[in-house]
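>>> sequence first, predicted model second:
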Amino acid sequence: MTKQLIFLIVFVGLLGVSSLFIWPSTPTSSDPIPVQSQSVPHQIIPKQVSKLQDTPTVSAKNIFILDRNSKVVLFEKDADSEIYPASTTKMMTAIVAYEHFPLDQIITVQKAYPEGSNIHLQPGETMTVADLLYALLVQSANDAAEIIADAYPGGKVAFVAAMNSKAQKINLFHTNFLNPTGLDQDGHFSSASDLARIADHLLQTPYLAKAVATENAVVASTSSAGFHSLSNVNRLLGSVSGVLGVKTGFTDKAGEALVTLVNRDGHEVIISLLGSTDRFTDTKKIIDWVYSSFTWQ
């Protein structure tokens, strides 16, 4: 056998062996880019037991019910209408404050804010951001909201701009804020659907989730009394099984508002209702309807 023939046989053999290996290659513009398959976690989806079971009769004009795990909308009624949100606004106030300020930062009260619900903070008092957030979310204190906003770089105007920027980032299409408290103001609005999504975002922060579920608390300051007692105005906390917050609201133009997190048997539902004349009774009826009308599979 000639040397040339032996060399040819060996070369062909090496080519065959090389085909057993996978060699990396750089895809060209015409080459498909390989996509690695990923396992999708099993998701429990709510399914209505019977569509014949009507929703309860309630006074609320705007309703949005969201299964928190799957993000399936269980029910909605005029949920995108842009209306006064009252103190449910303070959910976004808390989100922006938590993301900007350290919890242990001390803020000095510059002036009194007596309008609406408040804990009567006086000029010269100091309080940590942590305690101001509890005053904001537990007792819905307008003065706590205003004090936080004033302490933001650029003041209240910049703080409200940050609230609206955050609303855009989490894809809220029916919300515009003009103040941090929720007091009625033309051009200050949100919707039942957007407020449910704000609540869902807030609840991702354990500190805020704990605050909205708190019935009573005491926060310290440098006032003569040395502390302020807080009491949550949400009457469903501690009285209706599974209720874990989130935020109440009321003004003359908004009527009664309530955004609620409920967890029964591990199934979390957010109920957002606006324009109610009896928010607690309405919400309790809706809670009973949801957990009797849906099963999670």
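Yep, it's here. Residues are numbered from 1 along each chain as shown.

>>> contacts and neighbour counts: CA atoms only from here.
Will do.

>>> tell me, how many residues neighbour Gln48?
Gln48 is flanked by 16 other residues according to other C-alpha atoms under 10 Å.

>>> wait, Gly182
Neighbour tally, Gly182, other C-alpha under 10 Å: 25.

>>> what's the pLDDT at it?
Here the pLDDT value assigned to Gly182 is 98.

>>> likewise Ser30?
Looking at Ser30, the pLDDT reads 34.

>>> repeat for Pro123
Confidence score, pLDDT, at Pro123: 93.

>>> and the one 3 residues further on, by the same measure?
pLDDT, the model's per-residue confidence, is 95 for Thr126.

>>> buried residues in the helix or strand harbouring Gln168?
According to DSSP states H and E, Gln168 maps onto helix 155-169. Within helix 155-169, the residues scored as buried using 16 or more other C-alpha atoms under 10 Å are 156-157, 159-160, 162-164, 166-167.

>>> how about stretch 123-139?
125-139.

>>> please enumerate the helices of the protein.
Ranges of helices within the chain are 3-18, 90-100, 129-138, 142-151, 155-169, 192-202, 206-212, 279-293, based on DSSP state H.

>>> between those helices, which gets nearest to Ile106?
helix 129-138 (6.3 Å; C-alpha to C-alpha).

>>> contact partners of the helix holding Gln168?
Helix 155-169 has contacts (C-alpha atoms under 8 Å, 6 or more residues apart in numbering) with 92-93, 96, 146, 149-150, 152-153, 175-180.

>>> pLDDT averaged over it - what is it?
For helix 155-169, mean pLDDT rounds to 98.

>>> could you do stretch 279-286 as well?
98.

>>> got the CA positions of it in PDB?
Output of stretch 279-286 as PDB, limited to C-alpha atoms (Å, rounded to 0.1, in the frame of the first residue of the first chain):
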ATOM      1  CA  ARG A 279     -67.300  48.900  51.800                       C
ATOM      2  CA  PHE A 280     -66.900  46.400  54.500                       C
ATOM      3  CA  THR A 281     -70.300  44.600  53.900                       C
ATOM      4  CA  ASP A 282     -69.600  44.700  50.200                       C
ATOM      5  CA  THR A 283     -66.200  43.200  50.500                       C
ATOM      6  CA  LYS A 284     -67.400  40.500  52.900                       C
ATOM      7  CA  LYS A 285     -70.100  39.400  50.400                       C
ATOM      8  CA  ILE A 286     -67.600  39.300  47.600                       C
END
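
>>> stretch 189-199: which residues count as buried?
189-199.

>>> just stretch 70-85 next, same as before
Those would be 74, 76, 79-85, for stretch 70-85 by 16+ other C-alpha under 10 Å.

>>> output the residues you listed as JSON lines; include the columns distance to Ile44.
Below are the buried residues of stretch 70-85 laid out as JSON lines (distance: C-alpha to C-alpha, whole Å):
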{"residue": "Leu74", "distance to Ile44": "14"}
{"residue": "Glu76", "distance to Ile44": "21"}
{"residue": "Ala79", "distance to Ile44": "24"}
{"residue": "Asp80", "distance to Ile44": "26"}
{"residue": "Ser81", "distance to Ile44": "30"}
{"residue": "Glu82", "distance to Ile44": "32"}
{"residue": "Ile83", "distance to Ile44": "33"}
{"residue": "Tyr84", "distance to Ile44": "34"}
{"residue": "Pro85", "distance to Ile44": "31"}
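
>>> no more questions from me, cheers.
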